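Asker: After the sequence you'll find the predicted model.
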Amino acid sequence: MKYLSRNKIYEKVESFKNAKKVYLFCEGDKEVNYFKFFQGFASNIDIIPIPNDNGKSDPIKLKENSEILFHGNESVSPKFTLSIELEDEIWFIIDTDRWNEGDKINILKTYIEERNKDNKVWFLVQSNPSFELWLYYHFHSEKPQLTETSKFASFKEYVDSKIKGGFDNRGMPLEIQKATLIAEENFEILNGQPELYSTEVFNLAKQIIRFTKPQLDQCLDDRKKSPAGNS
């Protein structure tokens, strides 16, 4: 199936001065490029890319970045202002395979819990093993099988083999509503962590859908009517 890409006929909805803002902390190009698709629909979605060091994540570095950006320090003023009244939110998107060394995930969760003592505005969504699982659920309703994934050098290679041509961020994110239902149906948690082949990204997706549903539905409807969408 070919995909209609988001284009100029779908106007971005500018956020009102008093609109809720959602800030996304992402690592890796795949996450950033995926969520940029929805930035084109809603101006109240801000993506904050955080570079990693040689493919490794550092929760201390992540915390320091978030603190400086939202609270500043002695020499730097905050870049962003959180509105408690408008219920602004901050989301961290993380992978188990990057973060599970040295109890890093629980360190970050503890930090978020401390920030949320007064107002719950900080959130974390974790994918096990990685964000590619979320992309996989855009097209497949069953959990991956370890007997199959073990045949590949990486989980990314497995997902690429299951999505013809690889995941195309120009149009495939339109399936976010479908992916949300599938990922939530397949979600399992053990000892406070998503089990293998479970992802919490559906929680963030629900918020994104709230802001972009009219444009998503219009794009999907136009795709059904287009010869390209039916081929």
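Answerer: Arrived safely. Residues are numbered from 1 along each chain as shown.
Asker: how much space is there between residue 136 and residue 159?
Answerer: Here residue 136 is placed at a distance of 5 Å from residue 159 (C-beta to C-beta, to the nearest Å). C-beta coordinates here come from the backbone N, C-alpha and C atoms, glycine included.
Asker: Check which residues of whatever helix or strand residue 161 lives in are buried.
Answerer: In this structure, residue 161 sits in helix 155-162 according to DSSP states H and E. Neighbour-count burial for helix 155-162, with 16 or more other C-beta atoms under 10 Å as criterion, is recorded at 155, 156, 158, 159, 160, 162.
Asker: Mind jotting down where the helices sit in the chain?
Answerer: Ranges of helices within the chain are 29-39, 59-71, 96-99, 104-115, 132-136, 146-149, 155-162, 176-185, 201-225, based on DSSP state H.
Asker: Give me the contacts around the helix holding residue 161.
Answerer: Helix 155-162 has contacts (C-beta atoms under 8 Å, 6 or more residues apart in numbering) with 97, 129-130, 132-133, 135-136, 139-140, 144, 148-149, 151-152, 166-167.
Asker: How far off centre is that helix?
Answerer: Counting by C-alpha atoms, centre = their mean, to the nearest Å, helix 155-162 is centred 18 Å from the centre of its parent chain.
Asker: Next, the angle from it to helix 29-39.
Answerer: 60 degrees (axes from the mean of the first three to the mean of the last three C-alpha atoms, to 10 degrees).
Asker: pLDDT of helix 155-162, averaged?
Answerer: Mean pLDDT, computed over helix 155-162, is 96.
Asker: Please apply the same query to stretch 169-180.
Answerer: So the average pLDDT for stretch 169-180 ends up being 95.
Asker: Excluding chain neighbours, what is closest to residue 184?
Answerer: By the measure of C-beta to C-beta, 6 or more residues apart in numbering, the closest residue to residue 184 outside its immediate chain neighbours is residue 202, 4.6 Å from it.
Asker: same thing with residue 151?
Answerer: Beyond its immediate neighbours in the sequence, the residue positioned closest to residue 151 (C-beta to C-beta, 6+ apart) is residue 158, lying 7.7 Å away.
Asker: For the one you found, give its distance to residue 79.
Answerer: Using C-beta to C-beta, we find residue 158 at a distance of 38 Å from residue 79.
Asker: just residue 125 next, same as before
Answerer: Residue 125 sits at a distance of 23 Å from residue 79 (criterion: C-beta to C-beta).
Asker: next one: residue 22
Answerer: Between residue 22 and residue 79 the distance is 16 Å, computed by C-beta to C-beta.
Asker: higher neighbour count, these two?
Answerer: With neighbours defined as other C-beta atoms under 10 Å, residue 22 and residue 79 compare such that residue 22 has more, 23 against 10.
Asker: OK, contacts around that one?
Answerer: In this structure, residue 22 makes contact with 44, 45, 46, 88, 89, 91, 207, 208, 211, judged by C-beta under 8 Å, 6+ apart.
Asker: so the second one sits right up against residue 37, yeah?
Answerer: No. Under the criterion of C-beta atoms under 8 Å, residue 45 lies out of contact with residue 37, with a separation of 10.0 Å.
Asker: Quick one: neighbours of residue 128, just the number.
Answerer: Around residue 128 sit 21 other residues, with neighbours defined as other C-beta under 10 Å.
Asker: Spit out the contact partners of it.
Answerer: With C-beta under 8 Å, 6+ apart as the criterion, the residues that contact residue 128 are 95, 96, 97, 193, 194, 195, 196, 197, 198, 199.
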